[in-house]
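Chemist: What follows is a protein structure lacking sequence information:
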Ligand code: NAD
């Protein structure tokens with residue numbers, strides 16, 4: 001039976017996000033009441049619903065949190081995980097608000113979660129659970145193409161998004177825009193080319209932009225281009241796999257370590273990312289993969305001597321206890337909230353540069369935005385002028401990542417109190433949201 005026992009982690013994660021926002025708000029001198037309005041999570045729905053699995057009734061728990069509705073729909077993934085709690089969902093929803101604002105995606109922020117270990121269920125049972133979950137959320141207005149649009153997050157992907165779209169369509173067959181109720185769908189079920197790999201692709205584009213700035217490379221203690229850079233990746237799921245694969249196969253970087261949940265693979269000459277993933281899919285573990293050293297404790301891989309560390313597993317992985325051991329020069333937050341505030345202070349003292357989550361992993365929501373507008377237009381991009389949809393998606397994503405990076409740089413150049421990219425990202429995001437509130441005359 002699913003349980004929730006992640007309360008401490010969720011609470012700390014939420015507190016962490018608030019601290020990061022507070023730092024930016026201090027730079028902006030935001031008035032306290034407006035600050036409260038921006039930080040408040042507007043609505044949270046908890047659902048409990050029964051499903052008959054193999055003859056037995058099981059009761060599942062899920063949430064959908066809408067952090068902001070200054071723009072609609074509110075947007076954010078649904079996480080399928082055995083240990084997840086409401087605080088975690090609210091922290092993730094808040095990150096979506098700031099992420100969308102930073103990269104100019106005209107959405108509010110939301111997030112959802114279902115307490116489940118998906119690997120414990122047969123496909124048919126999982127479909128029943130997802131369908132029931134969708135009905136529970138949609139019937140209370142927490143899934144809707146105009147107001148609240150989920151996407152994949154940890155533990156789920158295009159298949160589950162198709163089930164959500166299907167369940168929604170069955171509930172509201174007269175809704176012409178039903179397929180826009182969720183993004184990250186399969187290409188032949190209302191999805192868009194390039195969505196599955198979008199977050200990993202966004203990381204690649206973010207890194208390419210970083211490497212176009214010699215002064216930033218020098219500050220991080222790096223040089224040259226991406227070719228030959230030694231990269232460690234934590235988490236070989238959707239985000240980590242695609243990022244690692246593109247960086248190795250297209251940019252010539254060397255993936256010298258992959259940390260997964262039950263151990264890490266190391267090879268200073270570079271690991272074949274696609275083969276590792278194939279092996280992991282077949283065996284359910286990276287243990288036993290040939291031509292690599294294996295270490296039992298995956299956290300040790302984060303302390304490897306390397307140039308770039310990509311954190312693409314989960315929150316709170318670098319913290320007060322291990323930050324001083326990190327030897328990477330640049331850390332990319334593919335996951336949401338993988339570095340605590342305490343960990344970040346130590347990394348900063350050691351002059352380690354961080355590409356913050358609300359920038360580095362924004363590729364997913366950017367391409368979700370493209371998918372949503374495609375669904376509303378009922379026509380694939382490029383059809384009227386003979387242009388390939390994938391090429392349009394990639395160039396739109398690349399432009400967005402480049403623009404956001406340069407916006408952060410400009411913010412730092414214009415305000416001496418902004419000392420790092422994360423604060424810059426939050427200053428830009430909070431400033432946009434504050435302007436919106438002021439224009440509306442709420443405060
Ligand atoms: P996923 O479930 O596809 O992959 C996560 C991977 O991390 C899994 O392979 C899992 O085994 C591994 N893992 C779990 N705990 C680990 C540990 N302690 N050490 C090493 N590996 C571990 O999830 P995902 O969709 O790739 O999401 C990963 C992170 O990226 C999450 O924080 C998520 O919120 C964030 N994110 C995802 C997307 C997206 O489009 N999927 C977009 C933005 C941000």
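Modeler: On my side now, so go ahead. Worth saying up front: this structure is predicted, and the values here are computed from it rather than measured.
Chemist: near the ligand, anything from stretch 234-242?
Modeler: Yes - Stretch 234-242 reaches the ligand (CB under 6 Å from any ligand atom) through 234-240. For every residue, glycine as well, the C-beta is placed using N, CA and C.
Chemist: what about stretch 139-157, start to end distance?
Modeler: 23 Å (CA to CA, to the nearest Å).
Chemist: Find the pair from the residues of stretch 234-242 next to the ligand with maximum spatial separation.
Modeler: 234 and 238 (13.6 Å; CB to CB).
Chemist: Can you give me the buried ones in the longest helix belonging to the chain?
Modeler: Looking across the chain with DSSP state H, the single longest helix is helix 389-414. Neighbour counts over helix 389-414 (16 or more other CB atoms under 10 Å) mark 389, 392-394, 396-398, 400-401, 404-405, 407-409, 411-412 as buried.
Chemist: And the residue of this structure closest to the ligand?
Modeler: residue 237 (1.6 Å; CB to the nearest ligand atom).
Chemist: If you count contacts, what does the longest helix of the chain end up packed against?
Modeler: Secondary-structure packing of helix 389-414 (3 or more CB pairs under 8 Å, 6 or more residues apart in numbering; DSSP states H and E): helix 198-210, helix 357-360, helix 363-377, helix 421-440.
Chemist: Specify the angle between it and helix 363-377 in degrees.
Modeler: With axes from the mean of the first three to the mean of the last three CA atoms, to 10 degrees as the basis, helix 389-414 and helix 363-377 are set at 130 degrees to each other.
Chemist: Is any residue of helix 389-414 near the ligand?
Modeler: No - residues of helix 389-414 contacting the ligand under CB under 6 Å from any ligand atom: none, with a closest distance of 12.3 Å.
Chemist: next one: that helix to chain centre, how far?
Modeler: 17 Å (CA atoms, centre = their mean, to the nearest Å).
Chemist: What residue spans form the domains of this structure?
Modeler: Split into domains by automatic domain parsing, the chain comes to 4-14+40-186, 198-360.
Chemist: Using a markdown table, lay out those together with mean neighbour count.
Modeler: Shown next, in a markdown table, are the domains of the chain (neighbours: other CB atoms under 10 Å):
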| stretch | mean neighbour count |
| --- | --- |
| domain 4-14+40-186 | 21 |
| domain 198-360 | 20 |
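Chemist: Could you provide these in TSV, with additional columns for mean pLDDT and distance to residue 30?
Modeler: Converted to TSV, those look like this (pLDDT from 0 to 100; distance: least, CB to CB, whole Å):
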stretch	mean pLDDT	distance to residue 30
domain 4-14+40-186	96	13
domain 198-360	98	17
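Chemist: From the residues of stretch 234-242 next to the ligand, which land in strands?
Modeler: Secondary structure assignment by DSSP state E places residue 234 of the residues of stretch 234-242 next to the ligand in strands.
Chemist: just the residues of stretch 234-242 next to the ligand now: which is nearest residue 94?
Modeler: Using CB to CB, the residues of stretch 234-242 next to the ligand come closest to residue 94 at residue 239, 19.3 Å.
Chemist: okay but that closest one is in contact with residue 333, surely?
Modeler: No - here residue 239 lies out of contact with residue 333, judged by CB atoms under 8 Å, at a distance of 10.2 Å.
Chemist: How about residue 311, nearest residue that isn't a chain neighbour?
Modeler: residue 338 (3.8 Å; CB to CB, 6 or more residues apart in numbering).
Chemist: likewise residue 221?
Modeler: In space, and not counting its chain neighbours, residue 221 is closest to residue 329: 4.6 Å by CB to CB, 6+ apart.
Chemist: who's in contact with the one you found?
Modeler: Residues near residue 329 by CB atoms under 8 Å, 6 or more residues apart in numbering: 220-222, 307-308, 352-353.
Chemist: can you put those in TSV and add secondary structure?
Modeler: Converted to TSV, the contacts of residue 329 look like this (DSSP: H, G, I helix; E, B strand; the rest coil):
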residue	secondary structure
220	helix
221	coil
222	coil
307	coil
308	strand
352	coil
353	strand
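Chemist: Can you add distance to residue 289 and give those back as a markdown table?
Modeler: Compiled in a markdown table, those are given as follows (distance: CB to CB, whole Å):
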| residue | distance to residue 289 |
| --- | --- |
| 220 | 30 |
| 221 | 31 |
| 222 | 28 |
| 307 | 23 |
| 308 | 22 |
| 352 | 29 |
| 353 | 31 |
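Chemist: wouldn't residue 287 be in contact with residue 263 here?
Modeler: Yes - Residue 287 lies in contact with residue 263 (CB under 8 Å); the separation is 5.3 Å.
Chemist: Pull up the overlap in contacts between the two.
Modeler: With CB under 8 Å, 6+ apart, residue 287 and residue 263 have common neighbours residue 294.
Chemist: Could you list the residues of the stretch 301-443 of the chain in contact with the ligand?
Modeler: 312-314, 334-336, 361, 364.
Chemist: In helices only, show me the residues you listed.
Modeler: Using DSSP H, these in helices are residue 364.
Chemist: ok so, going back, how close does the residue nearest to residue 221 get to residue 258?
Modeler: Residue 329 sits 19 Å away from residue 258, going by CB to CB, to the nearest Å.
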